[in-house]
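1. model the following, please.
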Amino acid sequence: MAEKKTETKAEAPAAAKPVESKPVEKKPAASSGGASESNLLAAVGYIIGLLAIILYLIKKEDKYLRFHSMQSILLWVATFVVAIVLGIVSAIVGMIPVIGVVACVFGFAAVAIWLVAVVAALYCAYKAFNGEKYELPYIGPMAKKYE
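-> Reported below is the predicted structural model:
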């Protein structure tokens with residue numbers, strides 16, 4: 001009987017099967033954070049608006065870059081238009097003697113619009129550099145149409 005116990009102990013480790021591991025899928029180089037040329041160009045396009053226009057016109061095959069370029073263009077055009085309108089309203093209201101103080105509110109609003117746009121552009125540049133397709137509210141869906 002002692003012999004049977006030693007045989008079963010010897011069989012137990014041999015009977016255990018090794019655990020099979022599944023291969024891990026790696027992300028392609030284009031979508032890994034900050035690794036591709038598209039990511040870098042998309043990020044720089046948010047900082048330099050003129051570059052976004054050039055990239056949008058030149059890189060017709062890269063949908064990721066075209067989306068970010070168009071979103072950058074729309075962001076800066078909208079910011080420019082709103083800030084100019086607020087500046088004009090501020091100038092007109094400033095000429096009226098009784099409510100001229102209200103002109104300061106419109107002037108501060110114009111400056112605030114520029115600051116919000118700069119923060120949004122920096123955030124989008126960060127997201128684009130890391131390979132994320134972040135959509136700004138209102139502007140992102142419009143940019144998606146022009147990919």
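2. which parts of this protein are helices?
-> 2-15, 37-47, 49-58, 63-94, 102-129, 139-145 (DSSP state H).
3. tell me what the shortest one is packed against?
-> Here helix 139-145 touches helix 63-94, going by 3 or more Cβ pairs under 8 Å, 6 or more residues apart in numbering; DSSP states H and E. Where you see a C-beta, it was placed from the backbone N, CA and C, and this is true even at glycine.
4. so which of the helices of the chain is the most packed in?
-> Among those, helix 37-47 has the highest mean neighbour count (mean count of other Cβ atoms under 10 Å), at a mean of 20.
5. on that earlier part again, would you mind giving the helices of the chain as CSV with mean pLDDT added?
-> Below are those laid out as CSV (pLDDT from 0 to 100):
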stretch, mean pLDDT
helix 2-15, 51
helix 37-47, 91
helix 49-58, 90
helix 63-94, 92
helix 102-129, 92
helix 139-145, 91
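6. my read: Gln71 touches Cys124, true?
-> Yes. Gln71 is in contact with Cys124 according to Cβ atoms under 8 Å; the separation is 6.8 Å.
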